[in-house]
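Peer 1: pasting the sequence and the predicted model now:
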Amino acid sequence: MNEILGAIAQAFHLLVTVDRDLIEIAALSLFVSLGATLLASLVGLPLGAWLAVNRFPARRYVIAVLNALMGLPPVVVGLVVYLLFSRAGPLGVFGLLFTPWVMILAQTIIITPIIASIAHQAIRDLWADYHDLLISLNTTRGQRIRALLWDGRRALLTASLAGFGRAIGEVGAIMIVGGNIDHATRVLTTAIALETGKGNLALALALGLVLVALAIAVNLAVHIVSQTERRGRW
Amino acid sequence: MKRSIGFVFSAVLTLMTLATTAMAEDLKLAVTTSFANSGLAEILLPAIAEDTGINVQLLVVGTGQALELGANGDVDAVLVHSKAAEEKWLAEGNGTHRREIMYNDFVVVGPSADPAGAGSAGSATGAFTAIATAKAPFVSRGDDSGTHKAELAIWKAAGITPEGDWYKSVGQGMGAALNTAAGLDAYILADRASWLNFANKAGLALLYQGDPALFNQYAYLPVNAEKHASVRADLAARLEDWLVSDRARGLIEGYEIGGQQLFHFNAQPAG
């Protein structure tokens, strides 16, 4: 119990004193996870919409696989990306291992199925409502997908935020491909694992509280910028 | 929205510039968790940067993974502590040579009441035998690390095959294993540095120490640049020169926690 109270006090202390290392680590966490969310949304949202409006024989299987991939173990993704980008691997010549770029890539792989699956579900419901209208207007397939993405933007925002939530709390993949190098690839989750290993449980928990605060701040900022969930508006 | 895109874009650019400027003299060194947890790295790295201009980037992993990263050319050198594994790694052509730098020792840690009586044993094997006979909970690293290999060597010397409910192989780093031992009030073999630096000792105490069988030699092994062209052999050689220098000797010998010297410098001068 003392450890938890100590962690809360320490988290406040870190935030109030604007600890420079903490700022650096938190900024990299945001950069990596927001970068991955952006990339995964660019792929996942249109993919989800495309799957919703198209009918083809293997559709059921593609969707089942996509849903199953939501449970991809991050450690496995990390291992595969490590083997690809290792100097001994096929993409090793780029020298990207142990950089933020490959961390973004690993997280993108982890969260794209989540964003695509949630987007697919939301668009499918919307498509049921819009189907007759869009067909009768003689729209092209691209126009339909664009209209659905725009009108479903709030549900799609939720899809992206769900992906962000998985990314910002993820440690298995970025530990392997990032290496938790101080001042280079250390992020909040890997720092938490490190401090736990040192037995500094209160500091580890304090970093965890900072992580939660950061996730809340990002979600709140997105809602304010996109003017959703306001008082007096449905 | 436009502004936020601009912000993200400029943040990306800043990070890219930072990444390229820092790349100039970066050396990636895979080290063991026991070395990193000792806190010595925080003393040595700033001094290395000051004297040689090399920014050492530490990858903290077990000895097994450290050697694997070296074999794949993902790091420029490794600093580990498992002679047999190091020699096998060298024989496979992964590195250029092995340079002994310093040593510390392993200690047997366990519940302060010492129900198995490991503390009164006359040797490391005696302490392990007492634990096995009492079937007292024992936490093993189980991660192919140098500490894990040292532990297995002691079991072997004692003629015991550790198995059963009391023997818990956790497959984690030194700190995580110590956390587990603290939670279970179990015995564990730890390196002295990690133990002294460990902040969550709970009901654990140092019970047995001093047997030469617990000697723990750290060696520096540069990765073979002929195998991987990207390896910075020049930086690895400069770092080696520093690690065996008098400056390194002073810092390593002078590193103390609670008045105890942790590491003993034993590098041989070039010759």
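Peer 2: Nice, I can see it. Numbering: from 1, shown residues only, chains lettered A, B, ... in the order given.
Peer 1: give me phi/psi at B:Thr55?
Peer 2: Actually, residue B:55 is Asn rather than Thr. Phi and psi for B:Asn55, reported as degrees, to the nearest 10, are phi -90, psi 100.
Peer 1: mind listing what the residue lying closest to it once chain neighbours are set aside touches?
Peer 2: Spatial nearest neighbour of B:Asn55, chain neighbours left out: B:Asp26 (5.1 Å); criterion: CB to CB, 6 or more residues apart in numbering or on different chains. Backbone N, C-alpha and C define where each C-beta goes, glycine included. Going by CB atoms under 8 Å, 6 or more residues apart in numbering or on different chains, B:Asp26 touches B:Ile54, B:Asn55, B:Gln57.
Peer 1: same question, B:Asp114
Peer 2: By CB under 8 Å, 6+ apart, the residues touching B:Asp114 are B:Ala205, B:Leu207.
Peer 1: mind doing that once more with 10 Å?
Peer 2: B:Val108, B:Ser120, B:Ala127, B:Ala130, B:Ile131, B:Ala134, B:Ala136, B:Tyr187, B:Ala205, B:Leu207, B:Tyr208 (CB atoms under 10 Å, 6 or more residues apart in numbering or on different chains).
Peer 1: after the helix or strand harbouring A:Ile123 comes which helix or strand?
Peer 2: Element membership of A:Ile123 [criterion: DSSP states H and E] is helix A:100-136. Counting by DSSP H and E, the next helix or strand C-terminal to helix A:100-136 is helix A:141-151.
Peer 1: now the helices for chain A?
Peer 2: In chain A, the helices defined using DSSP state H lie at A:2-16, A:20-53, A:59-69, A:74-85, A:100-136, A:141-151, A:153-168, A:172-178, A:188-197, A:201-225.
Peer 1: how far away from the center of its chain is the longest one?
Peer 2: What that stands for is helix A:100-136. On the basis of CA atoms, centre = their mean, to the nearest Å, helix A:100-136 sits 13 Å off its chain's mean C-alpha point.
Peer 1: want to throw the contacts of B:Asp26 into CSV with neighbour count, pLDDT and distance to A:Leu72?
Peer 2: Output for the contacts of B:Asp26, formatted as CSV (neighbours: other CB atoms under 10 Å in any protein chain shown; pLDDT from 0 to 100; distance: CB to CB, whole Å):
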residue, neighbour count, pLDDT, distance to A:Leu72
B:Ile54, 22, 95, 38
B:Asn55, 18, 95, 34
B:Gln57, 21, 95, 28
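Peer 1: tell me how far the residue in chain A positioned nearest to chain B lies from B:Glu42.
Peer 2: Closest to chain B within chain A is A:Gly197: 3.0 Å, counting by CB to the nearest CB. Distance, A:Gly197 to B:Glu42, using CB to CB, to the nearest Å: 15 Å.
Peer 1: so the two - more neighbours on which side?
Peer 2: A direct count of neighbours by other CB atoms under 10 Å in any protein chain shown for A:Gly197 and B:Glu42 places A:Gly197 higher, at 23 against 11.
Peer 1: got the domain boundaries for chain B?
Peer 2: Listed domain ranges for chain B are B:24-103+B:215-265, B:105-214 (source: automatic domain parsing).
Peer 1: how about the strands in the stretch 1-150 of chain B?
Peer 2: Per DSSP state E, counting those that start in this stretch, the stretch 1-150 of chain B carries strands over the ranges B:26-32, B:55-61, B:77-80, B:99-111, B:138-140.
Peer 1: B:Phe263 and B:Tyr255 touch, don't they?
Peer 2: Yes - with contact defined as CB atoms under 10 Å, B:Phe263 and B:Tyr255 form a contacting pair (6.1 Å).
Peer 1: more neighbours, these two?
Peer 2: Between B:Phe263 and B:Tyr255, counting by other CB under 10 Å, B:Phe263 is the more crowded of the two (23 against 19).
Peer 1: show the contacting residues for the more buried one.
Peer 2: B:Phe263 neighbours (CB under 10 Å, 6+ apart): B:35, B:38, B:40, B:101-105, B:192-193, B:216, B:218, B:251-256.
Peer 1: thinking again about what came up before, near chain A, from the contacts of B:Asp114?
Peer 2: Of the residues in the contacts of B:Asp114, proximity to chain A by CB under 10 Å from any CB of the partner chain holds for none.
Peer 1: helices - which of these land there?
Peer 2: B:Ala127, B:Ala130, B:Ile131, B:Ala134.
Peer 1: neighbour-wise, which of the residues you listed leads?
Peer 2: With neighbours defined as other CB under 10 Å, the most crowded of the ones in helices among the contacts of B:Asp114 is B:Ile131; it has 31 neighbours.
Peer 1: distance of that residue relative to B:Leu204?
Peer 2: 14 Å.
Peer 1: any shared contact partners between these two?
Peer 2: B:Gly110, B:Ala186, B:Tyr187, B:Ile188.
Peer 1: give me the three-state assignment for the closest residue to the last one other than its chain neighbours.
Peer 2: Take B:Ile188 and drop its neighbours on the chain: the residue closest to it by CB to CB, 6+ apart is B:Ala181, 4.1 Å away. Secondary structure state of B:Ala181, per DSSP: H, G, I helix; E, B strand; the rest coil, is helix.
Peer 1: roughly how far apart are B:Ala181 and B:Val108?
Peer 2: The gap separating B:Ala181 from B:Val108 is 11 Å, by CB to CB.
Peer 1: quickly list what's touching both of these two.
Peer 2: Common neighbours of B:Ala181 and B:Val108 (CB under 10 Å, 6+ apart) are B:Phe138, B:Tyr187, B:Ile188, B:Leu189, B:Ala190.
Peer 1: OK, contacts around the spatially closest residue to B:Glu256 that is not a sequence neighbour?
Peer 2: Here the nearest residue to B:Glu256 in space, its sequence neighbours aside, is B:Leu262; by CB to CB, 6+ apart that works out to 6.9 Å. By CB under 10 Å, 6+ apart, the contact list for B:Leu262 reads B:38-40, B:102, B:104-105, B:191-197, B:252-253, B:255-256.
Peer 1: name the nearest residue to the residue in the stretch 151-271 of chain B positioned nearest to chain A, sequence neighbours excluded.
Peer 2: Relative to chain A, the nearest point of the stretch 151-271 of chain B is B:Gly175 (3.0 Å; CB to the nearest CB). What sits nearest to B:Gly175 in space, not counting adjacent residues and going by CB to CB, 6+ apart, is A:Gly197, at 3.0 Å.
Peer 1: show the contacting residues for the one you found.
Peer 2: Residues near A:Gly197 by CB under 10 Å, 6+ apart: A:204, B:33, B:36-37, B:60, B:172-179, B:194, B:198.
Peer 1: go with 8 Å
Peer 2: So A:Gly197 contacts B:Thr33, B:Asn37, B:Gly173, B:Met174, B:Gly175, B:Ala176, B:Asn179 (CB under 8 Å, 6+ apart).
Peer 1: equivalent analysis for A:Ala116, please.
Peer 2: Per CB under 8 Å, 6+ apart, neighbours of A:Ala116: A:Val43, A:Gly44, A:Leu45, A:Leu47, A:Gly48, A:Leu51, A:Leu66.
Peer 1: do you know how far the residue sitting nearest the centre point of chain B is from A:Tyr61?
Peer 2: What sits nearest the mean C-alpha location of chain B, by CA atoms, centre = their mean, is B:Thr32, with 2.8 Å. As judged by CB to CB, B:Thr32 and A:Tyr61 stand 46 Å apart.
Peer 1: likewise A:Ser33?
Peer 2: 30 Å.
Peer 1: ok, those two, which is more surrounded?
Peer 2: A:Ser33 (29 against 9).
Peer 1: if I pick that one, what's in contact with it?
Peer 2: A:Gln107, A:Phe164, A:Ala167, A:Ile168, A:Glu170.
Peer 1: I'd like those as a markdown table, with pLDDT and neighbour count appended.
Peer 2: Formatted as a markdown table, the contacts of A:Ser33 follow (pLDDT from 0 to 100; neighbours: other CB atoms under 10 Å in any protein chain shown):
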| residue | pLDDT | neighbour count |
| --- | --- | --- |
| A:Gln107 | 97 | 31 |
| A:Phe164 | 97 | 26 |
| A:Ala167 | 97 | 29 |
| A:Ile168 | 96 | 23 |
| A:Glu170 | 96 | 24 |
